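J.: structure for this input, please:
(one chain, ligands or ions: 1)
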Amino acid sequence: MKKYSLVIHGGAGTLLKGLMTPEKEEQYKAALNEALEKGYAVLENGGSALDAVETSVNHLENSPLFNAGRGSVFTNEGTHEMDAAIMDGSNLKAGAVSLITGIKNPISLARDVMDKSDHVFLAGEGAMRFAKSLDYTLEKPEYFYDEHRYQQWQNIKDSDKFELDHSMKKEGKFGTVGAVACDQNGNIAAATSTGGMTNKKWGRIGDSPMIGAGNYANNKTCAVSCTGSGEYFIRGVVAYDVSCLMEYKGMALADAASEVINKRVLEIGGDGGLIAVDAKGNIAMTFNTEGMYRGFKTSEGEKEIGIYKN
Ligand code: ASP
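T.: Got it, this is the predicted structure:
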């Protein structure tokens, strides 16, 4: 049977082993494992890569541990503005939302933009009106309140700094979330969801909802979901760059991912990582930071959940 596989991430950054308690580490691993198994079950039952990545990301969004959905970081105004994108590699259809508030699962709204509107990318008030037209219920701000993230924001709120959720060299809660999958039919898909960066201002949008920057899928090449300093990932058009290296230069998935993350992104000063699959079920998990919350499972019995560099 054709190989199928799923890879997820919960953000990359300065994840230092000594700064994490064993209990915390277990919590992260358990949350990653649950999201991985739920998404993998979709593939195992013959479901699509698209459904699998949405399922995994929904689980990560529902966990307060990650910077997406429930665990989203605070903006400069003390609110939560979330971004998400999803893409189907079999037909290059995509949906994305940005600057949305109160939505429990931004990735599902992005999917609805793809499936139920004539558009690809909706932002702010308009995206909220679209959600309302589909009878989405809104969560109250308390749902997204997290003491630790509130403190992260308090520490820098009177400054011009904005901060990657996972860049602090102290015990913390990290991470944008994402998933990529290759299903039994050889179709691939990518999904990415985030609260962005702590203390972000003025309607700042990161790479995550931008097709080609933080998220991309094309059956001909790869499906990619990124995490890291979004401004650099936008300028490097990172996800599409991996795809281009495969398409135009004939590079293998892992080589293309490494060229972009360990060379091109570093050269412009960016830090972060990505997860990727190709239509043969090969996977890559590449990062230029101390660690990346991550996990993968394939139909050939391989499975791994990781946080730090090996
Ligand atoms: N890339 C995300 C952003 O810039 C942040 C992250 O990966 O945590 O919005």
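J.: you'd agree residue 234 is up against residue 210?
T.: Yes: judged on Cβ atoms under 8 Å, residue 234 makes contact with residue 210 at a distance of 6.1 Å. C-betas here are computed from N, CA, C, even on glycine.
J.: which of the two has more neighbours?
T.: Comparing residue 234 with residue 210 by other Cβ atoms under 10 Å, the one with more neighbours is residue 210, at 25 against 19.
J.: residue 110 versus the more buried one, what's the distance?
T.: Using Cβ to Cβ, to the nearest Å, one obtains 12 Å as the distance from residue 210 to residue 110.
J.: all the helices of the stretch 101-250 of the chain, residue numbers only.
T.: With DSSP state H, counting those that start in this stretch as the criterion, the stretch 101-250 of the chain has helices at 106-116, 124-133, 147-156, 230-235, 238-249.
J.: among the ones you listed, which is nearest residue 73?
T.: Closest to residue 73 of the helices of the stretch 101-250 of the chain is helix 147-156 (Cβ to Cβ; 5.2 Å).
J.: need the strands for this protein, in chain order.
T.: Secondary structure of the chain (DSSP state E): strands located at 5-13, 82-88, 93-100, 121-123, 177-182, 188-194, 215-217, 223-228, 272-277, 283-287, 291-298, 303-308.
J.: for the ligand, which of those is the nearest?
T.: strand 223-228 (3.5 Å; Cβ to the nearest ligand atom).
J.: strand partners (parallel or antiparallel) of that closest one?
T.: strand 215-217 (antiparallel), strand 272-277 (antiparallel) (DSSP bridges).
J.: what would these look like in TSV with distance to the ligand, mean neighbour count and mean pLDDT?
T.: Putting the strands paired with strand 223-228 into TSV (distance: least, Cβ to the nearest ligand atom, whole Å; neighbours: other Cβ atoms under 10 Å; pLDDT from 0 to 100) gives the following:
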stretch	distance to the ligand	mean neighbour count	mean pLDDT
strand 215-217	10	34	99
strand 272-277	6	30	97
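J.: quick one: which of the ones you listed is nearest residue 223?
T.: Using Cβ to Cβ, the nearest of the strands paired with strand 223-228 to residue 223 is strand 215-217, at 3.7 Å.
J.: sorry, back to before: format the strands paired with strand 223-228 as a markdown table; extra columns: distance to residue 177.
T.: Formatted as a markdown table, the strands paired with strand 223-228 follow (distance: least, Cβ to Cβ, whole Å):
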| stretch | distance to residue 177 |
| --- | --- |
| strand 215-217 | 12 |
| strand 272-277 | 10 |
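J.: what parts of the stretch 1-150 of the chain come near the ligand?
T.: Within the stretch 1-150 of the chain, the residues that sit near the ligand (Cβ under 6 Å from any ligand atom) are 11, 67.
J.: shaky segments in the stretch 1-150 of the chain?
T.: 16 (pLDDT under 70).
J.: residue 300 contacts residue 4, doesn't it?
T.: No: using Cβ under 8 Å, residue 300 is not in contact with residue 4, being 9.2 Å away.
J.: follow-up on the earlier one: so which of the helices of the stretch 101-250 of the chain is the most surrounded?
T.: Highest mean neighbour count among these (mean count of other Cβ atoms under 10 Å): helix 106-116, with a mean of 24.
J.: next, the angle from that helix to strand 177-182.
T.: Inter-element angle recorded for helix 106-116 and strand 177-182: 50 degrees (by axes from the mean of the first three to the mean of the last three Cα atoms, to 10 degrees).
J.: hang on, the earlier thing: shared neighbours of residue 210 and residue 110, anything?
T.: Listed as contacting both residue 210 and residue 110 by Cβ atoms under 8 Å, 6 or more residues apart in numbering are 85, 96.
J.: count of neighbours near residue 21?
T.: If you count neighbours by other Cβ under 10 Å, residue 21 ends up with 9.
J.: and residue 138, how far from the ligand?
T.: Here residue 138 is placed at a distance of 22 Å from the ligand (Cβ to the nearest ligand atom, to the nearest Å).
J.: what sits against that residue?
T.: So residue 138 contacts 101, 102, 103, 131 (Cβ under 8 Å, 6+ apart).
J.: so which of these comes closest to residue 53?
T.: Distances from residue 53 to these, taken by Cβ to Cβ, are shortest for residue 103, at 17.7 Å.
J.: what's the closest non-adjacent residue to the closest one?
T.: Nearest residue to residue 103, sequence neighbours excluded (Cβ to Cβ, 6 or more residues apart in numbering): residue 109, at 5.4 Å.
J.: before we move on, what about residue 71?
T.: Nearest in space to residue 71, with sequence neighbours left out and distances taken as Cβ to Cβ, 6+ apart, is residue 64 at 4.4 Å.
J.: any idea how far that neighbour is from residue 143?
T.: In terms of Cβ to Cβ, residue 64 sits 10 Å off from residue 143.
J.: done for today, thanks.
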